[in-house]
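K.L.:
heads up, no residue letters with this:
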């Protein structure tokens, strides 16, 4: 009788369960969302009229390049989103661990996420370190993503992230076009524009040439993107483009073939991706049709960016 | 044959009875708990051992004043017919219910006591007996000759042919007294002792018959004695005796029935309980006297308080007398009182609305913000003992709040809460209409919060048990409806962001409906 009463008391006083946690919210708010780290280049009008000076083919590659980068990092960044659906496994004052829990994208694999924070004298978090580890069930963990974030919440802080593709290759969960080396992403989401840098300088990846890709996006939709396009002859076209929210813009690019650098070409286009101005000293683009020096259109028609 | 007639002189009369019980007293009164049961007891006694045939008895419960008048008219017609046939007649009218300002309150209708008095005075029966068990029922006897006394003076019969004629009115309390009910005995004091007396304990002469004088004397003494220590104070039955002729009226005849026989060797107060453990009679017996209780066939439990314990025994009444001697009773601790909870549970339903507030400011930040709650509850009173009640409750609520985290933009949240529990409390009557209650409650609480503007944040929930204390104030404003104000203090153990002991208050107002 006495032991039954004691058991009842224990149940009454100790039976508390759930994931109602302000601190969990704080940790989750420090993890960047996949969407916040995506390159967002405006798409041009769907139907194009006949362009008098020709199509802005260089700019059209900006969208596809951005999409390739987004798709390439999406797989590993999805692991970050996965922890939002499960409560932490362990909670300490300044750390959380999620998992191991099954990787929904890779059957037979498990994910564990570890996260620590540092707090300043006012009690405000200023640095967060996190790592995502993956293993075949029963095997050893390998780090597939690690990052640091500075600031209380991801949507307006700066951070860096390393995607360890070399480990995802070892685990066999990589995509065919993934790089074979660690890839770094730097981001600053606190200012306008937000800036994202994807460092692929160590080699090829996602079907893109080795390059330090940089994107800036303003809140109103305009921005800039520096990227590279592989040529069929082993040369690379390096582009710096600025665009409006509607897709008009200007760029400058040159072709790099090993140590050799071509003359710089300047182009402007409208929202229909029709060229409005071309300045190509060596007439290397199709619009110039071989006539040097080549200046077409009116530079006044270039958007102010 | 002459000897037989002499043995049952009064029961040879043709007897008519109107028995009325009404727990409702209209606006401004609380429902009585036992009025209708009291009426059924008296009706049963009169028809079983009181010489009233079933067809000459009317039992009205929850009836209107008009229905009472109609029943009296019907009985008077029967009485007139019996008299025309040469029969001696007796009319007994019993009422248990509310009375106020000189009026019997029958639900929302009113029957002035003076009207009932006049009806009885003018009734064609040779003997008219009015028994009124209600508050201030002494007003029923507003006439010369009303007396508060242990017994009335009965003229001894001079000859068998001089039968009594006239009017006797008995009221359970004087014109300025309350008539009290007792949860312990499950009846009004007066009717309980009147019934006990009619069943046999009032048979002071030991002749196997209980007369009107014996019944009154017994009911008077026991009612005054048992109410002397109550909060309302002693209750004094009164009477108006205006019988011509000679002799007394025999109300019940014990002799031809199965009886419980209490032998002269024992003494004390014995309580007789029926199958449902309700008290149906008491026997207060000095040593040297014997007592007989005329009971219907059936099983009974007899208990007697003896120091710090009870003597309890079970008996079956059939044709032959069954002796109840102390030696046949077994001793039990007071905690095994077979009468516990016999007054029966009283059920009610509550609807409440209110709010919840955590004392800790950090806990109010997003985790447990102030919430509005609406709920439904049941309450069961007098089920576990006198003035003890228990209840079950279920509440739903929620609201909107803002979660503030250091350095993070405020996060809007919506939350839903469900709470339910079981309560145990004690009622304290402050007046006829106000009741205070104190008790404890064990409940569960389940909270869910969502973040409508943050798709990256999943819903969160929490479940736990929360013990607490509660205090309540109830104001009964109609027969069945009461308004209530309640405060609860609860403890909550929170263990997600570290272990915390939290306290919170719940304030609620509501309406209670009593079944």
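P.N.:
That came through fine. Here the structure is a predicted model, which is why all the values come from computation and not from measurement. Numbers count the residues shown, from 1 in each chain, chains lettered A, B, ... in the order given.
K.L.:
ok now do residue A:54, which residues does it touch?
P.N.:
By Cβ atoms under 8 Å, 6 or more residues apart in numbering or on different chains, the contact set of residue A:54 is A:274, A:275, A:278, A:286, A:287. Where you see a C-beta, it was placed from the backbone N, CA and C, and this is true even at glycine.
K.L.:
no wait, residue B:194
P.N.:
Contact analysis of residue B:194 by Cβ under 8 Å, 6+ apart lists B:42, B:131, B:133, B:215, B:218, B:219.
K.L.:
C-terminal to the helix or strand hosting it, what's the next element?
P.N.:
In the assignment (DSSP states H and E), residue B:194 maps to helix B:189-196. With elements assigned by DSSP H and E, the helix or strand that comes after helix B:189-196 is strand B:209-211.
K.L.:
all helices for the stretch 151-300 of chain A, in order.
P.N.:
Applying DSSP state H, counting those that start in this stretch to the stretch 151-300 of chain A gives helices spanning A:165-171.
K.L.:
Where does it get nearest to chain B, which residue?
P.N.:
Using Cβ to the nearest Cβ, the closest approach of the stretch 151-300 of chain A to chain B is made by residue A:152 at 2.9 Å.
K.L.:
got the contact list for the closest residue in space to that residue that isn't next to it in sequence?
P.N.:
Spatial nearest neighbour of residue A:152, chain neighbours left out: residue B:407 (2.9 Å); criterion: Cβ to Cβ, 6 or more residues apart in numbering or on different chains. For residue B:407, the contacting residues are A:124, A:125, A:151, A:152, A:153, by Cβ under 8 Å, 6+ apart.
K.L.:
Give the helix, strand or coil label for residue B:407.
P.N.:
coil (DSSP: H, G, I helix; E, B strand; the rest coil).
K.L.:
Quick check: pLDDT value at residue A:109.
P.N.:
Listed pLDDT for residue A:109 reads 96.
K.L.:
Distance check, it against residue A:190.
P.N.:
Going from residue A:109 to residue A:190 by Cβ to Cβ, to the nearest Å gives 34 Å.
K.L.:
what are the phi and psi angles of residue B:270?
P.N.:
phi -110, psi 130 (degrees, to the nearest 10).
K.L.:
neighbours of residue B:507, just the number please.
P.N.:
14 (other Cβ atoms under 10 Å in any protein chain shown).
K.L.:
If residue A:95 is in a bridge, with which residues?
P.N.:
residue A:92, residue A:116 (DSSP bridges).
K.L.:
residues in contact with it?
P.N.:
Counted by Cβ under 8 Å, 6+ apart, residue A:95 has contacts A:114, A:115, A:116, A:117.
K.L.:
Also residue B:413?
P.N.:
B:366, B:369, B:400, B:401, B:402, B:403, B:449, B:450, B:451, B:452.
K.L.:
Now the buried members of the contacts of residue B:407.
P.N.:
A:125, A:151, A:152, A:153 (16 or more other Cβ atoms under 10 Å in any protein chain shown).
K.L.:
So for the closest residue in space to residue A:199 that isn't next to it in sequence, what's the pLDDT?
P.N.:
Using Cβ to Cβ, 6+ apart and skipping residues adjacent in sequence, the residue nearest residue A:199 is residue A:184, 4.2 Å away. If you check residue A:184, the pLDDT there is 94.
K.L.:
my read: residue A:184 touches residue A:160, true?
P.N.:
Yes: between residue A:184 and residue A:160 there is a contact under Cβ atoms under 8 Å: 6.5 Å.
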